[in-house]
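Peer 1: any chance you could fold what I've pasted below:
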Amino acid sequence: MNGRRRRALLTTVTPMLEPGERVEVTSLVNLSSVSVRRTAAFGIASAIASAGSVTVVPVPTPMYLAMTDRRIFIFRADPMFAKPVEHTMTIQREGLFRSEIKERILNSSFVLSSPYSETSLKIIFPLVDRKARSLVAAALPIAH
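Peer 2: Below you'll find the model as predicted:
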């Protein structure tokens, strides 16, 4: 994550921090994956429907992740400007655990789960931000 994006995220998250809480990691991530098969099928269908004049490819919304020593904050990112535009969720780190890291050519991911919730969250890190991925992964225990 470049300096301008990091500063914008820190400016947004700082007023939300509790006394003594500190930001440990920031990253640009995706929270939903679009499979290659689904992307190709969607692109082919849009090309057929438009007689080849238009091809549409679905793209996940980029999100900002800020992990503190107590919580994980997720913000929707403005795709045109380097700033968070909407606070999406806050997750308490206590009790969180993760799956093994799945490495791909362009990204890597793992799934966050909590014993207090039936839902899980897949976090996808871009190839260029493996350092942030490794820091987040190191802070969370692996599910057994």
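Peer 1: wait, is Arg7 part of a strand?
Peer 2: No: if the criterion is DSSP: H, G, I helix; E, B strand; the rest coil, then Arg7 is helix and not within a strand.
Peer 1: quick one: contacts for it?
Peer 2: For Arg7, the contact set (Cβ atoms under 8 Å, 6 or more residues apart in numbering) is empty. Backbone N, C-alpha and C define where each C-beta goes, glycine included.
Peer 1: mind checking how far it is from Asp129?
Peer 2: 16 Å (Cβ to Cβ, to the nearest Å).
Peer 1: for Ser27, same thing?
Peer 2: 5 Å.
Peer 1: now for the two: what residues contact both?
Peer 2: Met1.
Peer 1: okay, these two: which has more neighbours?
Peer 2: Ser27 (23 against 20; other Cβ atoms under 10 Å).
Peer 1: hang on, that one packs against Ala132?
Peer 2: Yes: with contact defined as Cβ atoms under 8 Å, Ser27 and Ala132 form a contacting pair (3.7 Å).
Peer 1: all helices for the chain, in order.
Peer 2: Assigned by DSSP state H, the chain shows helices spanning 3-13, 36-49, 130-139.
Peer 1: average pLDDT for the last one?
Peer 2: Just to be clear, that refers to helix 130-139. Helix 130-139 comes out with an average pLDDT of 92.
Peer 1: try the first one
Peer 2: What helix 3-13 shows for mean pLDDT is 92.
Peer 1: and Glu100, its phi and psi?
Peer 2: phi -60, psi 150 (degrees, to the nearest 10).
Peer 1: so what's it scoring on pLDDT?
Peer 2: So Glu100 comes in at 94 (pLDDT).
Peer 1: find the residue at the geometric middle of the chain.
Peer 2: With distances taken as Cα atoms, centre = their mean, Val29 lies nearest the centre of the chain, 2.9 Å away.
Peer 1: list the beta-bridge partners for it.
Peer 2: In this entry, Val29 is beta-bridged to Met63, by DSSP bridges.
Peer 1: thank you, goodbye.
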